[in-house]
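S.K.: Okay, sequence plus prediction incoming.
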Amino acid sequence: MRAACTPRLSALLKPAHGCSGEAAMPMDAYREGDEYVVAFDLPGVTSDAIDIDVERNMLTVKAERRPVTKADDVQMELSERPLGVFSRQIVLADTLDTEHIQADYDAGVLTLRIPIAERAKPRKISIGVGTGRKEISG
C-alpha cells in the first residue's frame with residue numbers, strides 16, 4: 001500500500017517532479033523527532049556509485065547501477081533489472097538544516113537524516129512587565 005504525500009510532508013520535502021516516486025529509486029520520507037528521514041531503495045548499487053549533493057534547498061541523489069561482470073561464456077536469457085544512472089531531486093524547506101545532513105547506506109537502502117533547523121523549533125517568548133519591551137529567547 002503506497003501512502004500519498006501528506007500536506008505537512010509536502011511542505012518540508014517536495015519531490016521536484018511531483019510526489020508519485022520513481023520506479024528506479026523509490027523513496028519513503030517521514031519525521032522522527034527533530035529530524036526528517038528520507039530512505040531510498042538502491043539494491044545492487046555500491047556505495048561508491050552514489051552521489052548526494054545539496055545546492056541551496058535542492059537535494060539531489062544520483063546512483064549508478066552497473067552491470068554485473070560475467071564470464072565470456074555466459075549468455076543473458078532475461079534482464080529485467082534497470083541499469084545506468086538514476087537520480088531524484090527533492091526541494092527541502094527552509095526550516096531544515098542542510099548543513100548537517102547525515103547519510104548511511106546499508107543493505108541497499110540509502111538513509112538521509114535531515115535535522116530541523118534551530119530557528120524553526122518552538123521557542124518560548126517572555127513578556128517584560130512594565131518595561132514596554134518584549135524579548136524573544138531561544
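M.R.: Looks like it arrived, so ask away. All values reported here derive from a predicted model rather than from experimental measurement.
S.K.: my read: residue 27 touches residue 88, true?
M.R.: Yes. Residue 27 lies in contact with residue 88 (CB atoms under 8 Å); the separation is 6.5 Å. The way it works is simple: take the backbone N, C-alpha and C, and place the C-beta from them, glycine included.
S.K.: For residue 123, see how far away the closest residue to residue 94 other than its chain neighbours is.
M.R.: Of all residues not flanking residue 94 in the chain, residue 57 sits nearest, at 6.6 Å (CB to CB, 6 or more residues apart in numbering). According to CB to CB, to the nearest Å, residue 57 and residue 123 sit 22 Å apart.
S.K.: who's more crowded, the two?
M.R.: A direct count of neighbours by other CB atoms under 10 Å for residue 57 and residue 123 places residue 57 higher, at 13 against 10.
S.K.: Surely the more buried one is in contact with residue 89?
M.R.: No. Using CB under 8 Å, residue 57 makes no contact with residue 89, being 10.7 Å away.
S.K.: Which of the three states applies to residue 61?
M.R.: Classification of residue 61 using DSSP: H, G, I helix; E, B strand; the rest coil returns strand.
S.K.: With residue 74 as the reference, measure out to it.
M.R.: For residue 61, the distance to residue 74 equals 32 Å [CB to CB].
S.K.: And those two? Which one has more around it.
M.R.: Counted by other CB under 10 Å, residue 61 and residue 74 do not tie: residue 61 has more neighbours, with 21 against 9.
S.K.: how much space between the more buried one and residue 96?
M.R.: As judged by CB to CB, residue 61 and residue 96 stand 15 Å apart.
S.K.: Low-confidence regions, this protein specifically.
M.R.: 1-24, 131-138 (pLDDT under 70).
S.K.: which of the residues in stretch 63-71 are buried?
M.R.: Burial within stretch 63-71, assessed by neighbour count using 16 or more other CB atoms under 10 Å, is assigned to 63-65.
S.K.: Show the end-to-end separation of that stretch, please.
M.R.: 25 Å (CA to CA, to the nearest Å).
S.K.: quick one, helices of the protein?
M.R.: Assigned by DSSP state H, the helices in the chain fall at 7-12.
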